[in-house]
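Q: sequence and predicted structure, then a few things I'm wondering about:
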Amino acid sequence: MVNLKERRERVIETIVSSFLETAEPVGSSYVAAACGLGLSPATIRHIMKELEDEGYLAQPYTSAGRIPTVKCYRYYVSHLLPGVDSSDADFRDAKLLVERVLRENDATMFLSHIAKVLSEVTDLIGVSISPSFEQALFDRLEIVNMGGSRYLLVISLNNGLVKTIHLTVDKIIPRTKIDETARLLSARLHGLTVAEIKTSIDIRLRGLSGGDKSLCNVILNKRDEIFDFTGDTDFHIAGLSRLLVHPEFAPFGHTLKMIDLYEHKSELAQALNLTIHDNSDVNIYIGGSDFWGPKPILSMISGVFRSGSEQGLVAVIGPLRVHYPRLAAIVRYTAEITADFFSKY
């Protein structure tokens with residue numbers, strides 16, 4: 001015997017599942033046949049009317065079936081979200097695309113590719129945010145002459161992140177001195193965190209014998225820039241064109257809003273960073289304030305990954321009507337793969 005709460009949940013689950021697949025209002029006859037409760041369409045209509053009165057369902061026009069509201073989607077993902085069979089063809093294809101990115105050895109390029117792959121396999125906006133690297137350990141420094149007095153500084157951290165920055169010195173430095181400077185700096189800074197280097201590099205390089213002093217002075221003067229691992233390289237976003245083909249963004253005003261969101265990446269990154277410290281491995285946000293709604297109401301499915309004690313994020317952003325079970329599975333798997341990538345370093 002199914003109780004009233006289970007009846008209501010079965011109706012919600014049936015309507016949401018159908019609407020996610022068809023984008024068409026769902027009628028009582030379909031729900032009666034599909035929900036497996038053995039109830040008549042008249043009884044189902046009564047339950048649907050109660051759910052509509054409570055704000056879970058809406059009727060887009062007279063004589064139409066019902067569609068889920070934001071409240072309904074939130075209840076669905078909190079209480080009724082089904083799992084996804086890992087043998088499902090779509091999910092297998094998504095896994096293969098994500099796994100190909102593991103061939104990339106550079107952390108920044110890896111995260112950039114992850115955002116693109118998430119967009120490709122979901123037809124939504126894909127996002128990745130790197131962990132904070134203040135506590136990441138310095139591995140080595142390389143210096144490459146780019147011609148004349150221009151030099152390329154390559155900083156590598158032990159978690160795989162590589163940063164390059166161009167320097168200009170007021171003289172041409174012999175190759176042997178360049179290599180010697182790189183070796184000495186690497187030896188002095190190896191094993192220190194980025195935060196420690198930023199606050200103590202002048203002391204640690206004091207009394208340095210060997211290398212080129214002019215080059216060392218330029219590095220000291222630009223230390224805040226050289227060892228700043230925050231900014232645009234931490235945040236990767238892809239797939240605006242894929243998102244805008246969804247019918248929810250057909251109104252011109254909705255399109256403009258999404259373009260504006262996409263262009264204000266620092267604000268979007270800040271909003272996403274607020275979700276990193278949530279406890280669940282996958283979090284789903286539906287509607288709300290700021291970036292998430294209204295007009296068009298947006299959804300976000302995000303997964304947290306860890307690199308040592310630091311946390312990063314992978315996510316997809318889309319309209320209200322998205323296939324939450326499949327997306328949750330893809331994002332969870334991508335977060336696991338990303339964590340595996342960073343664990344190698």
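A: Here it is on my side, so go on. As the structure is a computational prediction, the values presented were derived from the model and not from experiment. Residues are numbered from 1 along each chain as shown.

Q: which intervals of the stretch 151-300 of the chain have sub-threshold pLDDT?
A: 159, 230-233, 270, 274, 277-280, 289-295 (pLDDT under 70).

Q: where do the helices sit along it?
A: Under the criterion DSSP state H, counting those that start in this stretch, the stretch 151-300 of the chain contains helices at 175-189, 194-204, 213-221, 223-226, 240-243, 252-263, 265-273.

Q: so what touches the fifth one?
A: Counting contacts by C-beta atoms under 8 Å, 6 or more residues apart in numbering, the residues outside helix 240-243 that touch it are 119-120, 123-125, 249, 258-259, 262, 317-319. (Glycine included, C-beta is placed from N, CA and C.)

Q: residues of stretch 154-164 that come out buried?
A: 155-157, 159-163 (16 or more other C-beta atoms under 10 Å).

Q: am I right that I67 is in a strand?
A: Yes - counting by DSSP: H, G, I helix; E, B strand; the rest coil, I67 is found in a strand.

Q: was I right about it contacting A58?
A: Yes - I67 is in contact with A58 according to C-beta atoms under 8 Å; the separation is 5.6 Å.

Q: ok, now how distant is I203 from A58?
A: The gap separating I203 from A58 is 65 Å, by C-beta to C-beta, to the nearest Å.

Q: and these two? Which one has more around it.
A: For I203 versus A58, neighbours defined as other C-beta atoms under 10 Å are more numerous around A58 (16 against 8).

Q: which of the contacts of helix 240-243 sit farthest apart?
A: Taking C-beta to C-beta, the two most distant members of the contacts of helix 240-243 are E120 and I259; they sit 20.1 Å apart.

Q: name the residue in those two with the higher neighbour count.
A: It is E120, of E120 and I259, that has more neighbours when counted by other C-beta under 10 Å, with 16 against 13.

Q: so that one is in which element?
A: helix 107-122 (DSSP states H and E).

Q: most neighbours among the contacts of helix 240-243, please name it.
A: I317 (29 neighbours).

Q: ok, and the closest non-adjacent residue to it?
A: Distance criterion C-beta to C-beta, 6 or more residues apart in numbering; nearest residue to I317, sequence neighbours excluded, is I125 at 4.2 Å.

Q: phi, psi for the one you found please.
A: phi -80, psi 130 (degrees, to the nearest 10).

Q: then S130?
A: In terms of degrees, to the nearest 10, the main-chain angles of S130 are phi -70, psi 160.

Q: which pLDDT does the model give it?
A: Here, the pLDDT recorded for S130 equals 83.

Q: can you pull out the strands in this protein?
A: For the chain, applying DSSP state E gives strands covering 57-58, 67-68, 125-129, 138-147, 150-157, 162-168, 235-238, 282-286, 298-307, 310-319.

Q: neighbouring strands - and their directions - for the fifth one?
A: Spelled out, that is strand 150-157. Sheet partners assigned to strand 150-157 using DSSP bridges are listed as strand 138-147 (antiparallel), strand 162-168 (antiparallel).

Q: kindly report the same for the third one.
A: The strands that strand 125-129 pairs with in its sheet are strand 235-238 (antiparallel), strand 310-319 (antiparallel) (by DSSP bridges).

Q: which of the ones you listed is buried the deepest?
A: strand 310-319 (a mean of 24; mean count of other C-beta atoms under 10 Å).

Q: so how far is G308 from N273?
A: N273 sits 18 Å away from G308, going by C-beta to C-beta.

Q: cool, A34 as well?
A: Taking C-beta to C-beta as the measure, A34 and G308 are separated by 48 Å.

Q: next: L192.
A: For L192, the distance to G308 equals 15 Å [C-beta to C-beta].

Q: now the phi/psi pair for the residue lying farthest from the centre of the chain, please.
A: Relative to the centre of the chain, the most outlying C-alpha is that of S209, 45.3 Å out, by C-alpha atoms, centre = their mean. Note on S209: backbone dihedrals following degrees, to the nearest 10 are phi -110, psi 130.
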